[in-house]
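**Student:** the following comprises the amino acid sequence and a computationally predicted model.
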2 protein chains.
Amino acid sequence: MQDALIRKLESFEELTEADREALSALTLRIRKVPARTDLISEGDPPNSVHLILDGYACRYKVLPDGQRQIMAYLVPGDFCDLNVFILDQMDHNIGTISACQVVDIPRQAIVEITDDHPRVTQALMWCALVDEAVLREWLVNVGGRPANLRIAHLICELLLRLEAVGRVTGNSFSFPFTQIDIADTMGLSNVHVHRTLRDLRSLGLIALKRRTLTILDVPRLKALCGYNPNYLHLKNTRWGARRRIPWPSVGRRGSG
Amino acid sequence: MQDALIRKLESFEELTEADREALSALTLRIRKVPARTDLISEGDPPNSVHLILDGYACRYKVLPDGQRQIMAYLVPGDFCDLNVFILDQMDHNIGTISACQVVDIPRQAIVEITDDHPRVTQALMWCALVDEAVLREWLVNVGGRPANLRIAHLICELLLRLEAVGRVTGNSFSFPFTQIDIADTMGLSNVHVHRTLRDLRSLGLIALKRRTLTILDVPRLKALCGYNPNYLHLKNTRWGARRRIPWPSVGRRGSG
DNA sequence: CGCCCACTTGATGCCGATCAAAACCCGTGG
DNA sequence: CCACGGGTTTTGATCGGCATCAAGTGGGCG
């Protein structure tokens, strides 16, 4: 299952055999990284691009009071820092959640493949833009939704992202996050995450055992949080059909 | 004051006279847009790049329940959608806060300038990466800080970003946001935003009158929220000096 | 001058944080 | 094989920050 990247890119753009071979050549030297290990830390100069082939990682920052905030989940097929050569130092950390298989791609290899493979270049830029769109959606999630919808939304997103890289079977997927991880992701306490997950379980929406999450009722879970997958910009998947959602007119919190 | 873009780019990279001229040529056809007007909406196909020359705008989404979440403030010198040609439709809205001067730059003009001006290309990529870094910091802010530190952090960030484009005089700058705007930005209610601003005023940290914000005590305001400007990746400014902050070891919310 | 927002302030209530402690799970070593 | 130990999960009790509701004030613009 090391074709996560190619699968993901093809969910956006058709690739030729030559494109696929060039991509495969990038992923030869695989490195195994244990769980709970930093791949790169705040302040480090970026000297290669990290690509996750297997396992889960996350971006995070630590606030002065010791509070950790997770800003992104990185799943198979995700680049950690595609464009980061432009900047002189990392402004956040990237650490593994589970054990991971990672490849470190030197800058030069990226330059070469983008010079020779325009469709791959397009697809890589698409990756970067989708990562940013996901980040925006997380801000909406944390800023605008109550705890239960937040977690429901996160689960819906993971389903789609993991499905795009072939990591979902029967609406089940690996879920190595602790409740503390989820708490630090959603701006909640671990206790409240637990209670929210229990509620979702008791509603018959999800099941969670032995670090495997199963969504028991996908339509109902999506309806619960009003899930709109447009920000993932998927094309060639079963979820990718475009819909224009008729949003209600602009409204605001409070009595404004 | 239409040199906001050039000033911003030069806070990252030294430009030649030819670079500056090429950039100036982009900004000839200025369009005036009234306050509270969408520049582009969710679902629209992107057909040109918008550059803010004067005034403030924001990115936002509207949730199914009518709740608005603002995800970014766009200030003079900011591009709204630099790379968005890759995607087929907008997944969020961009609307003005105050009256703005905007230029619509056709895709072709961007291609030409990046072909001929490598330093400009670098600087534009830097813009895009900094925008993303700001977005990450906002997620940290909303997810990890209490209301007063959230707002303090936002104000510190605006000071630095506006200073980079010459829009600050004596620690004062234009502040056309309503309390409802701030509420929808920070995931708070307008009432609580008001109380928090009142507290910051009574602490002698800020003053706010006639849509102008003055920071009365910059060091204390920064200390309050533990402000670390590294994510802005500024270089040639009075704040740009690099520091390695010795973060405390990773800790978590809750009793983990 | 008058209307429409935005701002302001008080009262009340709830969502989710915090504190505390027990049960569980799993890898480790005896 | 079982005992041990540390981290995670689970549950209950209590607390607090912020939302919500309501009503009055103020300021800018037509």
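**Tutor:** Received the coordinates, thanks.
**Student:** quick one: least confident helix or strand in chain A?
**Tutor:** helix A:107-116 (a mean of 88; mean pLDDT, DSSP states H and E).
**Student:** so what secondary structure elements neighbour it?
**Tutor:** helix A:17-26, helix A:118-144 (3 or more CB pairs under 8 Å, 6 or more residues apart in numbering or on different chains; DSSP states H and E). (Glycine included, C-beta is placed from N, CA and C.)
**Student:** touching DNA strand C at all, the longest one?
**Tutor:** Meaning helix A:118-144. No - on the criterion CB under 7 Å from any atom of the strand, helix A:118-144 is out of touch with DNA strand C, staying 10.3 Å away.
**Student:** which strands and helices sit next to the next helix-or-strand element following that helix?
**Tutor:** Remark: after helix A:118-144, the chain's next helix or strand is helix A:147-164, criterion DSSP states H and E. Helices and strands touching helix A:147-164, by 3+ CB pairs under 8 Å, 6+ apart, are helix A:118-144, strand A:172-174, helix A:179-186, helix A:190-202, strand A:212-215, helix A:218-225.
**Student:** so for the shortest one, mean pLDDT?
**Tutor:** Read it as strand A:172-174. Here strand A:172-174 scores 96 as its mean pLDDT.
**Student:** just confirm yes or no for stretch A:56-64 near chain B.
**Tutor:** Yes - judged by CB under 8 Å from any CB of the partner chain, stretch A:56-64 and chain B are in contact via A:59, A:61, A:62, A:63, A:64.
**Student:** how about the helices and strands packed on helix A:147-164, which one is nearest residue A:234?
**Tutor:** For the helices and strands packed on helix A:147-164, the distance to residue A:234 is smallest for helix A:118-144, at 8.7 Å, taking CB to CB.
**Student:** so which bits of that closest one are buried?
**Tutor:** Judged by neighbour count (16 or more other CB atoms under 10 Å in any protein chain shown), helix A:118-144 contains these buried residues: A:119-144.
**Student:** reformat the residues of stretch A:56-64 next to chain B as TSV; add distance to residue A:187.
**Tutor:** What follows is the residues of stretch A:56-64 next to chain B, written out as TSV (distance: CB to CB, whole Å):
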residue	distance to residue A:187
A:59	15
A:61	13
A:62	14
A:63	12
A:64	17
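**Student:** which of those residues count as buried?
**Tutor:** For the residues of stretch A:56-64 next to chain B, buried by 16+ other CB under 10 Å: A:59, A:61, A:62, A:63.
**Student:** keep only those of those residues that are in strands.
**Tutor:** Assignment to strands by DSSP state E places the following of those there: A:59, A:61, A:62.
**Student:** any idea which of those is closest to DNA strand D?
**Tutor:** The closest of these to DNA strand D turns out to be residue A:62 (CB to the nearest atom of the strand; 15.8 Å).
**Student:** returning to what we had before: report the inter-axis angle for the least confident helix or strand of chain A versus helix A:118-144.
**Tutor:** Angle of helix A:107-116 versus helix A:118-144, following axes from the mean of the first three to the mean of the last three CA atoms, to 10 degrees, is 110 degrees.
**Student:** check which residues of helix A:107-116 are buried.
**Tutor:** A:109, A:110, A:113.
**Student:** could you find the closest non-adjacent residue to the last one?
**Tutor:** Put plainly, it is residue A:113. Leaving aside its chain neighbours, residue A:113 sits nearest to residue A:22 (5.3 Å; criterion: CB to CB, 6 or more residues apart in numbering or on different chains).
**Student:** what's the burial count for the one you found?
**Tutor:** Residues near residue A:22, counting by other CB atoms under 10 Å in any protein chain shown, number 17.
**Student:** cool, and residue A:42?
**Tutor:** Going by other CB under 10 Å, the residues that sit close to residue A:42 add up to 20.
**Student:** state the distance from it to residue B:145.
**Tutor:** Going from residue A:42 to residue B:145 by CB to CB, to the nearest Å gives 18 Å.
**Student:** same check on residue A:125?
**Tutor:** On the measure of CB to CB, residue A:125 and residue B:145 end up 33 Å apart.
**Student:** picking that back up, reformat the ones in strands among the buried ones among the residues of stretch A:56-64 next to chain B as JSON lines; add distance to DNA strand D and pLDDT.
**Tutor:** Listed next are those as JSON lines, based on distance: CB to the nearest atom of the strand, whole Å; pLDDT from 0 to 100:
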{"residue": "A:59", "distance to DNA strand D": "18", "pLDDT": "97"}
{"residue": "A:61", "distance to DNA strand D": "19", "pLDDT": "97"}
{"residue": "A:62", "distance to DNA strand D": "16", "pLDDT": "96"}
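**Student:** residue A:114 contacts residue A:121, doesn't it?
**Tutor:** Yes - between residue A:114 and residue A:121 there is a contact under CB atoms under 8 Å: 4.2 Å.
**Student:** any idea which element the residue nearest to residue A:166 when sequence neighbours are not counted lies in?
**Tutor:** Nearest residue to residue A:166 in three dimensions, chain neighbours excluded: residue A:7, at 5.5 Å (CB to CB, 6+ apart). Secondary structure assignment for residue A:7, by DSSP H and E: helix A:4-10.
**Student:** what comes up buried for that helix?
**Tutor:** A:4, A:5, A:6, A:7, A:8, A:9, A:10.
**Student:** now for it, which elements pack on it?
**Tutor:** Secondary-structure packing of helix A:4-10 (3+ CB pairs under 8 Å, 6+ apart): helix A:17-26, strand A:49-54, helix A:118-144.
**Student:** repeat the analysis, applying 10 Å as the threshold.
**Tutor:** On a contact count with 3 or more CB pairs under 10 Å, 6 or more residues apart in numbering or on different chains; DSSP states H and E, helix A:4-10 meets helix A:17-26, strand A:49-54, helix A:118-144, helix A:147-164.
**Student:** for residue A:209, the count of nearby residues, please.
**Tutor:** For residue A:209, using other CB under 10 Å, the count is 8.
**Student:** show me what it is bridged to.
**Tutor:** residue A:212 (DSSP bridges).
**Student:** gap between it and DNA strand D?
**Tutor:** According to CB to the nearest atom of the strand, to the nearest Å, residue A:209 stands 9 Å off from DNA strand D.
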